[in-house]
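Visitor: Structure for this input, please:
(one chain, ligands or ions: 2)
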Amino acid sequence: MQRLTGIGVSPGIAIGRAVLLKQNPLVVRFPVKAARVDDEVARLERAKRLSEAQLRGIRTRMNRDASDLGQLFDAQILMLQDPMLLARAIDVVRREQVNAEWALQRALEDVLAIFAEIEDPYLRERRGDVADVVGRLRMNLGYGRAAGRELFRDVEEGSVLIADELTPSMAAQVDWTKFAGFASDTGSRTYHTAILARSLHVPAVVGLGDASGRVLPGSMVVIDGAAGELLIDPPEEEIEATRARSAQWARALRSYEHYRSIPAVTADGLAITIQANVELPDDLLFAQEYGADGVGLYRSEFLLATVSPDELSEDVQYEAYRAMLQRVAPAPVAVRTFDVDEEQLVSWPQGLERGRVGSGGRSRGPLGLRAIRLCLAHRDMFRTQLCALLRAARHGQLRLLLPFVSGIEELREAKVVLREAAEELERRGETVPVVPVGVMIEIPSAAITTDLFAREVDFLSIGTNDLIQYSLAVDRTDARVSRLYEPLHPAVLRTLRHIVRAAARVGTPLALCGEMASDPVLLPLLIGLGLTDFSMSPSAIPVAKQVIRQVRAADMRRIAHHVLRMATIAEIEHYLLASLGDIVRQAGDQALPPDGERVKGTT
Ligand code: PEP
Ligand code: MG
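Guide: Ligands and ions are numbered 1, 2, ... in the order given. Okay, the predicted model is just below:
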């Protein structure tokens, strides 16, 4: 047995047979039943026929244009016919009884290994053509945009997904009724995939380094999302012990049930608002079941997980927003406008491989043309989203939330586009309701100028996930630096205090929607800093309520006052755990990763 330790990002236990997913390139391996082997072979043959027809079509066009690039495609047609490739893949399907995609990948690796031995640099460079041919074959095997669901169609229920990287877009598409949990080589606690896992109650461990290289497809694995462990080929006794822990976990969850329907009020009577962060329509079920006071953050870019950017018309968006507003009414829904970068917009749902591949002149990653910047650069797209939102606003309590705003100019420009959208609707004869507009405070420049924003918006929402990463210069998605991602860093706490004071001075409502609020140790401190309005993953709500009902706001203010004078994270952490005592320790033990990880790690 091997025991790998990573970052537990979604509690719970999963036991099952491993299904491997390599997103780079996107290849999944699973066993197929003997009766389905011929179908897999037929898929490969069909893909070959389609690819050949496409390549001949390209060849003919090249001839018409008198281009000498035609020879290149002759060579690709020859590669398609080479037994090393297709015949080899068919052989792998038959011998190993695996799916066509995986067999093709194996054949490609064999061919590339041969190319690597070739001395002649010209011939060696033909590797790119082989990969191109295989890419075409892969495309013609089917799937495309519906990748997640289709790809796992034949996977047996109760499997466990082991991935090199699981991007949020892919995770949003996976049929989780087939998988009991997942583990991945990369990731962190505030990466959107981890947030999604918690929302969906899927046990998950990330940042495991090379798990996808160690686990053999079909082997038995156990995921313990609370301990942050992946066991590979565990003996029967270990599986039994894990089953017992799993039952204990289910009992602990049930014990929280009665907190779902009772209000979040501190022991000394301070009412706290708890709303839900939502990515997928299914999250609404949990949000309502756990008694959320509405939706404090709907990450609307998750619409792109099921619909391509060009198909995301005003009507399609309108329907999605209307359905959500109606379901949540009369409680409010804060829809955050698209928070994607160029790369994600183009490649969704194939995934975001931030900063890995050359960008060809497009800026990528968190500091590039992202969120409000991207929307203002693509005003038609932005106006379409705003028109859809304003139309949907009639069906509930819509609040508009703008992400990644770094200066007042962006807010003002966004409001101009909002006015244009309203005028456009009025021209069409529609009545346009007035919608409250807010901004995310998640960039240090916005935090420092909270007072300026507070005067020009209806509400503010602190995004601690980004605020921490930009304040501390730590990539929140990079497991290698997750140690430095510290919500308890004095700079973070002082920034929060500054935001709270600035918003209060102007009298603008302020909420916090980052993952920090989901942590039972940090939540009382946030209350002590003066926050009373939170939005979190639905699954975190019952524990949050339990903690809130046991603490006194007046004590928390005293604790926060002390903490703000401390210099080191260790000191703060020690003092908090000692002062909050059993209340949060109990909650933490049952709901989140162990203390060390929770407070010091990538919370
Ligand atoms: C945040 O940054 O804290 C936040 C809530 O937004 P996201 O996690 O989607 O970046
Ligand atoms: Mg953010």
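Visitor: pretty sure Ala107 is in contact with Val98, am I right?
Guide: No - counting by Cβ atoms under 8 Å, Ala107 does not reach Val98; the two are 11.8 Å apart. In this view, the C-beta of every residue, glycine as well, is placed from N, C-alpha and C.
Visitor: The closest residue to ligand 1 within the stretch 501-603 of the chain: what's it in contact with?
Guide: In the stretch 501-603 of the chain, the residue that lies nearest ligand 1 is Gly514 (3.2 Å; Cβ to the nearest ligand atom). Residues near Gly514 by Cβ atoms under 8 Å, 6 or more residues apart in numbering: Thr190, Glu442, Ile462, Gly463, Thr464, Asn465, Asp466, Leu467, Ile468.
Visitor: Give me the nearest residue to it, chain neighbours excluded.
Guide: Among residues not flanking Gly514 along the chain, Thr464 sits closest, at 2.8 Å (Cβ to Cβ, 6 or more residues apart in numbering).
Visitor: Can you tell me how far that neighbour is from ligand 1?
Guide: Between Thr464 and ligand 1 the distance is 5 Å, computed by Cβ to the nearest ligand atom, to the nearest Å.
Visitor: Would you agree that residue is in contact with Asp519?
Guide: No - using Cβ under 8 Å, Thr464 makes no contact with Asp519, being 10.2 Å away.
Visitor: which one of Ala107 and Val98 has more residues nearby?
Guide: Ala107 (26 against 22; other Cβ atoms under 10 Å).
Visitor: How is the protein divided into domains?
Guide: Residue ranges of the domains in the chain are recorded as 2-27+155-254, 31-140, 270-587, according to automatic domain parsing.
Visitor: most centrally placed residue in the chain?
Guide: Among the residues of the chain, His192 comes closest to the average C-alpha position under Cα atoms, centre = their mean, at 2.4 Å.
Visitor: Could you pull up phi and psi at the closest residue to Asn277 other than its chain neighbours?
Guide: The shortest distance from Asn277 to any non-neighbouring residue, by Cβ to Cβ, 6+ apart, is to Leu297 (4.5 Å). Backbone geometry at Leu297, expressed as degrees, to the nearest 10, gives phi -160, psi 110.
Visitor: Could I get the contacting residues of Leu297?
Guide: Contacts of Leu297 by Cβ under 8 Å, 6+ apart are Gln275, Asn277, Val278, Ala334, Arg336, Leu401, Ser461, Cys513, Ser535.
Visitor: let's see it at 7 Å
Guide: Asn277, Ala334, Arg336, Leu401, Ser461, Cys513, Ser535 (Cβ atoms under 7 Å, 6 or more residues apart in numbering).
Visitor: any chance of those in a markdown table, plus secondary structure, pLDDT and neighbour count?
Guide: Listed next are those as a markdown table, based on DSSP: H, G, I helix; E, B strand; the rest coil; pLDDT from 0 to 100; neighbours: other Cβ atoms under 10 Å:
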| residue | secondary structure | pLDDT | neighbour count |
| --- | --- | --- | --- |
| Asn277 | strand | 95 | 28 |
| Ala334 | strand | 98 | 25 |
| Arg336 | strand | 98 | 25 |
| Leu401 | strand | 98 | 28 |
| Ser461 | strand | 98 | 28 |
| Cys513 | coil | 97 | 27 |
| Ser535 | strand | 98 | 28 |
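Visitor: between those, which is closest to ligand 1?
Guide: Cys513 (4.6 Å).
Visitor: Stretch 182-192 near ligand 2 anywhere?
Guide: No - judged by Cβ under 5 Å from the ion, stretch 182-192 stays clear of ligand 2, getting no closer than 8.8 Å.
Visitor: Quick one: mean pLDDT for that stretch?
Guide: Averaging pLDDT along stretch 182-192 yields 88.
Visitor: what are the C-alpha coordinates of it, in CSV please?
Guide: C-alpha atoms of stretch 182-192 as CSV (Å, rounded to 0.1, in the frame of the first residue of the first chain):
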residue,chain,number,x,y,z
PHE,A,182,-11.3,12.7,-6.5
ALA,A,183,-7.6,13.3,-6.0
SER,A,184,-5.3,15.5,-8.1
ASP,A,185,-1.6,16.2,-8.5
THR,A,186,-2.1,20.0,-8.5
GLY,A,187,-4.6,22.4,-6.8
SER,A,188,-5.1,24.2,-3.5
ARG,A,189,-7.9,24.9,-1.1
THR,A,190,-9.1,28.1,-2.8
TYR,A,191,-8.8,26.9,-6.4
HIS,A,192,-12.3,26.8,-7.9
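Visitor: What parts of this protein come near ligand 2?
Guide: By the rule Cβ under 5 Å from the ion, the part of the chain lying against ligand 2 is Glu442, Gly463, Asp466.
Visitor: Tell me which entries of those residues lie within helices.
Guide: Asp466 (DSSP state H).
Visitor: Pick the one among the residues of the chain next to ligand 2 closest to Arg455.
Guide: Using Cβ to Cβ, Glu442 is the member of these that sits closest to Arg455, with 18.8 Å.
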